[in-house]
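Visitor: My questions concern the predicted model and sequence given below.
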Amino acid sequence: MSNTMPAVVNFSPEPFSVDLREVPIPEIGESDVLLAVQAVGICGSDLHQFTGKQSWKVNYPVVLGHEFSGVIAKKGRLVRGFSEGDRVVSETAAVIDAASPYSRQGLYNLDPNRLGFGYGVNGAMTRFAKVPERCLHRIPPHLAFETAALTEPCCVAYNASCVNSHIRPGDTVAVIGPGPIGLLCAMMARIAGAGTVIVIGIPADAHRLDTARKLGANVTLGAAGEDVAAWVRNFGDGYGLDLVIDAAGVSATLKLAMEIVRPAGQITKVGWGPQPLNFSLDPLVQKAVTLQGSFSHNWPVWEKVIALLSSGQLNLDLVLNRISPLAQWHEAFEEMHSGRIVKGVLTPQ
């Protein structure tokens, strides 16, 4: 057996510095497993690194991919909770400081020294990945690896919609940005009891806004370039929406969120955007609005999402549009980048 394997490698900060290259099969430590990767999702952050537009530090060269499921091929001497052959998904926090106050609280996702798969250490767009035992969660036999690989983005959405936001049955919830995370946030808001779910985009999002309607959004706005703030002023009692989830991240979307949220409402920002704001935050003060960020996820969120996927309460059939072998990574990246598909998954084996 060869001791190398093909991998999708981001090798420099220059735009489009991603290629299929041979890399060594990783050596595992005594608390790690060697995971035979069965499916790995393509994330917006993989696309940001592909185009050289990310706003985080990358340890080049690095194997991309942090949304993945697989089978344990080998385990380290100290691994007790899992066996070879187990079907699992992996969390993304590949390296954490176990002694940090955040790790001790179970909030290791917020530890500033955390390193994730696919940017900090080698990820899973390859045949085998080295994974610490603490990152693993079992998945049931009936849950397909391709669906299980999307646990991670579902966890981002669950944390934003169901943990960091407070949704009461009957609330009006808007999600700005119908990318994969935005669509999943809308699905989670519906599961959490939202009465009206509104998904907002721009004309280029027409296909994804159509998907949002099929996924259960009551209203979609933006495909025809309509005035969203004016629509909200004519909706319900006219005071605005209970919760706005900003899953787009650009500055203009936060401004819009402040316009359409109701007094004493909430804005949860889950989308990244490095550009300056260039507008006043006074409406936040005037309306006494809660503005919060939501980042990543932790162990209990993963367990809840696996339960939702396993029961069928969270159905990803309309979200997962393309399953491709590793060799077709470039076509899959381009299809996601252009918005022709919501989500692509690669199958390295």
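Guide: Great, that's in hand.
Visitor: what's next to stretch 341-349, contact-wise?
Guide: With CB atoms under 8 Å, 6 or more residues apart in numbering as the test, stretch 341-349 has contacts from 6, 8, 36-42, 65, 124-127, 145-146, 149-150, 153, 179-180, 183, 208, 211, 316, 318-326, 328-329, 332-333, 335-336. Heads up, the C-betas are built off the backbone N, CA and C, glycines and all.
Visitor: Just the buried ones from those?
Guide: For these, a burial check counting by 16 or more other CB atoms under 10 Å picks out 6, 8, 36-42, 65, 124-127, 145-146, 149-150, 153, 179-180, 183, 208, 211, 316, 319-324, 326, 329, 332-333, 335-336.
Visitor: what's around Leu209, how many residues?
Guide: 23 (other CB atoms under 10 Å).
Visitor: List the beta-bridge partners for Ala7.
Guide: Arg21, Thr126 (DSSP bridges).
Visitor: Could you count how many residues lie near it?
Guide: Count around Ala7 with other CB under 10 Å applied: 27.
Visitor: if we can go back for a sec, just the buried ones among the contacts of stretch 341-349: which are in helices?
Guide: Phe145, Glu146, Pro153, Pro180, Leu183, Arg208, Thr211, Trp329, Ala332, Phe333, Glu335, Met336 (DSSP state H).
Visitor: Now these in CSV, please, with extra columns for pLDDT and distance to Pro300.
Guide: Shown next, in CSV, are these (pLDDT from 0 to 100; distance: CB to CB, whole Å):
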residue, pLDDT, distance to Pro300
Phe145, 98, 23
Glu146, 98, 24
Pro153, 97, 17
Pro180, 95, 22
Leu183, 98, 23
Arg208, 94, 30
Thr211, 96, 29
Trp329, 98, 32
Ala332, 97, 31
Phe333, 97, 32
Glu335, 95, 34
Met336, 92, 29
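Visitor: from those residues, which two are the most distant?
Guide: Phe145 and Arg208 (24.7 Å; CB to CB).
Visitor: Partner strands of the helix or strand Val33 falls within, with direction?
Guide: Assessed by DSSP states H and E, Val33 sits inside strand 32-41. Sheet partners assigned to strand 32-41 using DSSP bridges are listed as strand 67-75 (antiparallel), strand 128-132 (antiparallel), strand 343-347 (antiparallel).
Visitor: could I get those strands as TSV with mean pLDDT?
Guide: Output for the strands paired with strand 32-41, formatted as TSV (pLDDT from 0 to 100):
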stretch	mean pLDDT
strand 67-75	98
strand 128-132	98
strand 343-347	97
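Visitor: In TSV: those strands, plus mean neighbour count.
Guide: What follows is the strands paired with strand 32-41, written out as TSV (neighbours: other CB atoms under 10 Å):
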stretch	mean neighbour count
strand 67-75	23
strand 128-132	24
strand 343-347	24
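Visitor: Out of those strands, the one nearest Gly118 is which?
Guide: Of those, the one closest to Gly118 (CB to CB) turns out to be strand 67-75, at 8.7 Å.
Visitor: Quick one: residues in contact with the closest one.
Guide: 28, 32-43, 82-90, 92, 117, 123-124, 128-129, 133, 136, 139, 145-146, 148-153.
Visitor: ok, now stretch 155-167?
Guide: 173, 181, 184-185, 187-189, 191-194, 242-243, 245, 247, 266, 268, 270, 292-297, 301-302, 304-305, 308.
Visitor: Give me the buried positions along it.
Guide: Cys155, Val156, Ala157, Tyr158, Asn159, Ala160, Ser161, Cys162, Val163, Asn164, Ser165, Ile167.
Visitor: tell me which of those residues is nearest to His48?
Guide: Closest to His48, out of all of these and judged by CB to CB, is Val156, at 14.5 Å.
Visitor: Quick check: that closest one is in a helix.
Guide: Yes. Judged by DSSP: H, G, I helix; E, B strand; the rest coil, Val156 forms part of a helix.
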